[in-house]
Structure formats: C-alpha cells, structure tokens
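**Student:** Fold the following, please.
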Amino acid sequence: MQTRSFALFASLVLVLGLSACGDDSSRSDAGSDSAVPDSGGDSGGHDAGPDGSGSCDPSGTEGTAANCNNGCDDDGDGFTDCDDFGCQDVGICSAMACTTPQLSEDVGDGCTNGCDDDGNGFVDCDDNACKGTATCPVENSNARCSDGIDNDSNGFTDCDDFACQMRQVCTGEGTNARCSDGIDNDLDGATDCADTDCDGEAIVVCAGGSPVSPLPTDIAAAVTTACSDGVDNDGEGHIDCGDFSCAEIPACFGVTRENNNAACSDGVDNDKDGLSDCEDTGCSGGAEGLVVCAGTTAVPFADAAARTAAVDVVCSDGMDNDSNGHIDCADFGCSRNADVSASVCPPPAEGTDATCSDGLDNDSNGFIDCADFGCSRNSAVTVCPTESTAEQCGNGLDDDGNGFADCADFSCKPATGLGSPACF
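**Tutor:** Numbering: from 1, shown residues only. Have a look, this model is predicted:
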C-alpha cells in the first residue's frame, strides 16, 4: 500500500514537472536576440530567469558567451557570470582576449593592460613576471612595510599586508614611533620602553628601559647618529648598520658583504657594521681561499700576483681548511674566488664573464647566463646584476631579474645562513 501511494505521488510530481517545463511563448531559444547571444533568455537580453520568473535552470552551465552575460547563476554554484570560474576565459569575461599573445606578461604594457598576456591564468601584477617591476613593486621589506604606503596596491598597507607579517617592523614594538605611543602594540604585556623590542640600536626614544627626556627634536637625525657612531649602543654585540634595527635607514643603504680578499684588505668598513677588514667576522672566520686574514690579524701581500699564489696553495692542498665539509675547489671559497688561478680551479662551464654573457647554456643544465647560479652567485663574475645590499633588498624591485624581488629572493633571505637585514 505504501509502495502504491509513493508511485502515485511520484507520477503526480512528474506531471507537474512536465507542465512547468512546457512551451512558453515569451521564450526565444532560436539562439540570439538584439542584445547578446541567448541560450534561453527572454526578449530583454538579460536573463533574470528564462521566462522572467527570477529563477535559473539548475542544469545549465556557466561557460558559454550567453550564460556568462545573462545576469543568471546558470549552474547554481552561487557565482554569477564573470564571477564564476567557468566564465573566466569566455567572452567579455576573458582576460585572455589579448591582441597579441606573448610568452611573458612583462613585455611592453603587459603588466598594466588588464590582460593575461601569457595565458597562465594570472593578470598584470598578479603574474610573477610582473612582480618586482617598477610598475608592480612588492611590499615585503622592513622599509616598505613601515612607510605608510600600499606599495603593491593590493589594498593592504604595511603590517596589514600578509607579505609584511614576518618582517621585524611588524613583529614587535621596535620602532621609535611604537616605542613612544603609550600602546602595547604587540600585546606582550610590556609597553613602549618597558618592552625589550625598544632596546635596539636605532631606537632613540628609549635608553636603558626608560623614556628619553627630552625626546630628540629630530628623530631621523638622532637615528642616523646612533647608527653611525661606531658604538654598540644597545650592548647586544652588533654595531651601527650591522644591527638589524639600523638596517633600513639611508645611512646603511648600499652595504656590501665583507667576505672576500679584496673587501677584507681595503681598509673600508664595507658592510657598515663598525668593523673593518680582519676585525669583521666575515673576514676573520678562516674561509677557504680567504688569505688576507689570519684570524683578526692582517696578512699583507706585495701585489695581486702574490695573493693569487697564496690562494692557489690553499685551494690545492687537499685539506678542508675551514672545516665546512668541502675541500679545495669543491668549496665555493675557492671555486668562486676571484683570486684563484684557472689552472687550479677551472671555472665552471658557465662561470666567467664571457660564458655568463654569451646567451648560451654552456653547462647544459637548463639555465642560461645570469639565470645560472654558476654566474649569479659567483663573486668572480661581474656581468650579472645582484640583489643583496640593504637597498636592493628593500626597494620593491627584482634587481637581478630572476623573478623574485626583495625578501622573496634567496640572495636577500637565504633558506639558511645570514641574509639581508632588510628581511629580518
């Protein structure tokens, strides 16, 4: 009895359903009307429901020119027309409707034309090829995460931008402004000078955990003085530009690493950390092939030829002189040393100025010239642009053209080891 009742009910539903699907003289399924192609629209062109009832056909798709321009959620997934992924490459919704498709988005006006020029699904500044260009700077260094500007125009400024959340300026109290605003910005229970984040070398509004009184009339000038006085003002072992809190001030821009024979014997504090030549840990660490320092003591050489002779000896003695697990030319201290003789450590097939600028994949590893680490990470190569100084790692640009800008570039923030202060 229950089975028969159900059958009768189902028949009734079927009859009602068929009558609802009957011919409607107001419909025109011929194909198109005067407005847009019409896969079931009414004479008005926009399909707020095929027959003006306000409903859509749940069995339809959202992937035709007509269905992507009818004001209807044809596939019933909650997204209408161009907001539906099914329409992203269709008709007026298509970002791929380019005049001339090209291999890379960053050619010509490709980063600003609203078009997915290379057809990879990413448009303009959302495409990695455009990120880090002058048109599409990134926002992920301490400097750009604290300048009050939405540098990458994504609607989020400074610490509200996800890319900034790991930068030092966004993880603690440690700026002069935050250390004097009376607010516990990082919600750690300590406010302003009572917070250890306010002990940094560049923090001039606090001294020894207490507010400075009176405050400097020119904070920027006071910071520059503190970061260039040769004194470890906060007593944590790092001086001036070698202290992360100083890294983003103009006085500390343009630093270069002090870790090779030339930089370790020129009498200049190249990385502006308050230590020059063999006093700098980058020089005194005993790296393989670095011969101008014996610990913190300078080792003089009569000329460049004498220095090269000393490097050649160290790089061919069969010993792991710096105990890092790599011997002689297997150590970058030798293989990427501008002073070593080619007869001792032959440069890699892609590792000289000539082979790094000839447009050829000399070592057949799939990377050409400066796109090859044998060139871009080789201190003996001078023809490849770099991205390693505090300024380069904080300017929002992809300075070395490898597709990664600022702190997204391993040259600025390596997976291991010390990176640019701009990224801490």
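
**Student:** T224 and A251 touch, don't they?
**Tutor:** Yes: counting by C-beta atoms under 8 Å, T224 does reach A251; the two are 5.1 Å apart. C-betas here are computed from N, CA, C, even on glycine.

**Student:** low-confidence ranges in the stretch 301-424 of the chain?
**Tutor:** 415-419 (pLDDT under 70).

**Student:** ranges for the helices of it?
**Tutor:** 304-314, 332-335, 373-376 (DSSP state H, counting those that start in this stretch).

**Student:** And for the chain?
**Tutor:** 2-20, 168-171, 219-226, 281-284, 304-314, 332-335, 373-376 (DSSP state H).

**Student:** Any buried residues in the fifth one, and which?
**Tutor:** Buried positions in helix 304-314, judged by neighbour count with 16 or more other C-beta atoms under 10 Å: 307-308, 310-312, 314.

**Student:** For these, give me CSV that also has distance to E173.
**Tutor:** Below are the buried residues of helix 304-314 laid out as CSV (distance: C-beta to C-beta, whole Å):
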residue, distance to E173
R307, 47
T308, 50
A310, 49
V311, 47
D312, 52
V314, 47
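
**Student:** Identify the residues contacting C393.
**Tutor:** 141, 387, 406-407, 409, 411-413, 419-420, 422-423 (C-beta atoms under 8 Å, 6 or more residues apart in numbering).

**Student:** M319 too?
**Tutor:** Neighbours of M319 in contact, by C-beta under 8 Å, 6+ apart: 327-328.

**Student:** Repeat that for A304.
**Tutor:** D339.

**Student:** Tell me how far it lies from C345.
**Tutor:** 17 Å (C-beta to C-beta, to the nearest Å).

**Student:** for H326, same thing?
**Tutor:** The gap separating H326 from C345 is 12 Å, by C-beta to C-beta.

**Student:** The two: which is more packed in?
**Tutor:** Between H326 and C345, counting by other C-beta atoms under 10 Å, C345 is the more crowded of the two (23 against 16).

**Student:** Quick check: chain neighbours aside, which residue is closest to that one?
**Tutor:** Spatial nearest neighbour of C345, excluding adjacent residues (C-beta to C-beta, 6 or more residues apart in numbering): C329 at 4.0 Å.

**Student:** Now do the contacts for that neighbour.
**Tutor:** 315-316, 335, 340, 344-346.

**Student:** want to throw those into a markdown table with distance to C370?
**Tutor:** Converted to a markdown table, the contacts of C329 look like this (distance: C-beta to C-beta, whole Å):
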| residue | distance to C370 |
| --- | --- |
| C315 | 25 |
| S316 | 29 |
| S335 | 18 |
| V340 | 21 |
| V344 | 25 |
| C345 | 21 |
| P346 | 20 |
